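Participant: All I have is the shape, not the residue letters:
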């Protein structure tokens, strides 16, 4: 009986430790060993990291701070929930963000059933009227739209009362609306509308354009509610100069090498207290914009779905999957693509926002920065704030959101500067999740699994021989100031080059963890405060943990194969052959 009770207690203790489901048994066992070496347990990592209020804090962000070893599990779950389909992503976003709703009923839309162009136009007009009814129920003026838009992009100072009032808007209705009408457009096949003839219809605030053959040029955003459907040709879609007019636009383009052009303050595929969608079926396309475009949602939903072709995405700020009080989605399904932007992009989120960039296939290049200097800290390095990054409003104490960059396969290059590649700042969560390929990660500071100021950042790479370079530190599994940074690399011969508070580094009550599960790896750095380094701060502790579970490895500090070492009182490294 006594042995039985002991066995049950052991099982319960083990279960309590292994609530991080994504980590393997070997990874969890070695983590437990590392913590025991410094006379600690998982519970010691779960200390309270919330010093401010962090208003509008999202549950996944809170969970990642409360239980740091669940951060990979949270990251994988969010990857699965937010990259499956646009509808599944929007539904899970709706649940996470928890917006207000109103008494207005959001009903399902009937499936496509038209047999000629006139019937088709009548169906589309009904959809536009349906959207108008729901979107106008927000009852928000253009002046209010402008005020909110400007508070985020830094043109005006952020005012707490504006943010709190906007949080009361029934934005939940927009997500229900998207869920109900998006399948109508997504399910239309080219053969279904072979009857199409060139036609344009304007009816009040509604505009519909149908085109069958040839190359066309369109102006997007000139009407409050718009639908463009184009069957073939190399087309150009240019956004209107007035960024406040449009509440809904949907572009469905079936083929051709198309160009999508943004205006100064807005571009196609953006939702400003409404919904903007691009569905491009095939072709080598160019998406060229400035701010607020190509999968950007401010008080709304912005979506880009590109199903085929080698594509170029180039824009400035708040673009390529960015969400602020809303959702930004960019899904690219095939071929080698280039993503280039300045800031707040490539899987970015701020307050009550989620941004998801998911590339399913191809050897891709992701570039951010090169436009706005990170002054006064640097006069020669640029803000990225992208590639799976989220940030809250520290001065106003509003929590951030969830930024996710996901790449399924291919040999990819991620190039950033300041804040990039799985990083979070101020009650926020940034995730970069790469499933396979020989990848290159390069940034200057705050990146590659970096948590800064009460936030979490996670980078997960499952397969491939990868290279990680972070010149000035705080990353590669680095946590600073009550934050959590986590880097997990499962397979491959990898190279890590860092500076201070990297490769399992914790500072100012931060937690930094790097786990490399297999392969012949090399760890280098120019400072000593790396590779399992953590110390006491503010009458508490900072944890730095580096675990290497296999292969013949090399270290620039005291680490070596089959060895346990201490960075500081709360810093530890373990290297195992198997």
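Facilitator: Arrived safely. Just so it is clear, the structure is predicted and the values come from calculations on it, not from any experiment.

Participant: use CA for all of it now, contacts and neighbours both
Facilitator: Will do.

Participant: helix, strand or coil for residue 104?
Facilitator: Using DSSP: H, G, I helix; E, B strand; the rest coil, the structure places residue 104 in coil.

Participant: Which residues are in contact with it?
Facilitator: 134, 137 (Cα atoms under 8 Å, 6 or more residues apart in numbering).

Participant: One more: residue 400?
Facilitator: Counted by Cα under 8 Å, 6+ apart, residue 400 has contacts 57-58, 349-353, 390-393, 425-429.

Participant: neighbouring contacts of stretch 87-103?
Facilitator: Contact partners of stretch 87-103, identified using Cα under 8 Å, 6+ apart, comprise 58-60, 81-83, 167-173, 175-176, 178-179, 182-183, 327, 352-354.

Participant: on that earlier part again, out of the contacts of residue 400, name the ones that lie in helices.
Facilitator: Of the positions in those, not one sits in helices, assigned by DSSP state H.

Participant: least confident pick among the residues you listed?
Facilitator: For the contacts of residue 400, the weakest pLDDT value sits at residue 393, with 92.

Participant: any idea how far it is from residue 151?
Facilitator: 11 Å (Cα to Cα, to the nearest Å).

Participant: Among the two, which residue is more densely surrounded?
Facilitator: For residue 393 versus residue 151, neighbours defined as other Cα atoms under 10 Å are more numerous around residue 393 (19 against 15).

Participant: what sits against the closest residue to that one other than its chain neighbours?
Facilitator: The shortest distance from residue 393 to any non-neighbouring residue, by Cα to Cα, 6 or more residues apart in numbering, is to residue 399 (6.4 Å). For residue 399, the contacting residues are 54-58, 350-352, 391-393, 426-428, by Cα under 8 Å, 6+ apart.

Participant: ditto for residue 501
Facilitator: 473, 474, 475, 478, 479, 507, 512, 529, 530, 533.

Participant: try it again with 10 Å
Facilitator: Contact partners of residue 501, counting by Cα atoms under 10 Å, 6 or more residues apart in numbering, are 446, 450, 472-480, 507, 510-512, 525, 527-534, 544.

Participant: Residue 464 now?
Facilitator: So residue 464 contacts 410-411, 434-439, 489-494, 519 (Cα under 10 Å, 6+ apart).

Participant: and residue 135, that one's in a helix?
Facilitator: Yes: Residue 135: assigned to a helix according to three-state DSSP.

Participant: quick one: what helix or strand has residue 77 in it?
Facilitator: Using DSSP states H and E, the element containing residue 77 is helix 71-83.

Participant: Next, the buried residues of that helix.
Facilitator: Within helix 71-83, the residues that count as buried by 16 or more other Cα atoms under 10 Å are 71, 72, 73, 74, 75, 76, 78, 79, 81, 82, 83.

Participant: Could you identify the most distant pair in these?
Facilitator: Between any two of those, the greatest separation by Cα to Cα is 17.8 Å, found for 71 and 83.

Participant: how close does residue 470 sit to residue 221?
Facilitator: Counting by Cα to Cα, the gap from residue 470 to residue 221 is 41 Å.

Participant: Check residue 72 too.
Facilitator: According to Cα to Cα, residue 72 and residue 221 sit 40 Å apart.

Participant: same check, this time on residue 211
Facilitator: 18 Å.

Participant: Between these two, which is the more surrounded one?
Facilitator: Each of residue 211 and residue 221 had its neighbours counted (other Cα under 10 Å), and the higher figure belongs to residue 221 (26 against 19).

Participant: List the buried residues of the helix or strand hosting residue 384.
Facilitator: Here residue 384 is covered by strand 383-386, with elements defined by DSSP H and E. Applying a neighbour-count criterion of 16+ other Cα under 10 Å, the buried positions in strand 383-386 are 383, 384, 385, 386.

Participant: Need the mean per-residue confidence for that strand.
Facilitator: The pLDDT scores in strand 383-386 average 98.

Participant: What is it packed up against?
Facilitator: Under the contact criterion of 3 or more Cα pairs under 10 Å, 6 or more residues apart in numbering; DSSP states H and E, strand 383-386 touches strand 317-319, strand 343-345, strand 348-349, strand 365-368, strand 402-407, strand 418-420, strand 423-425, strand 445-447.
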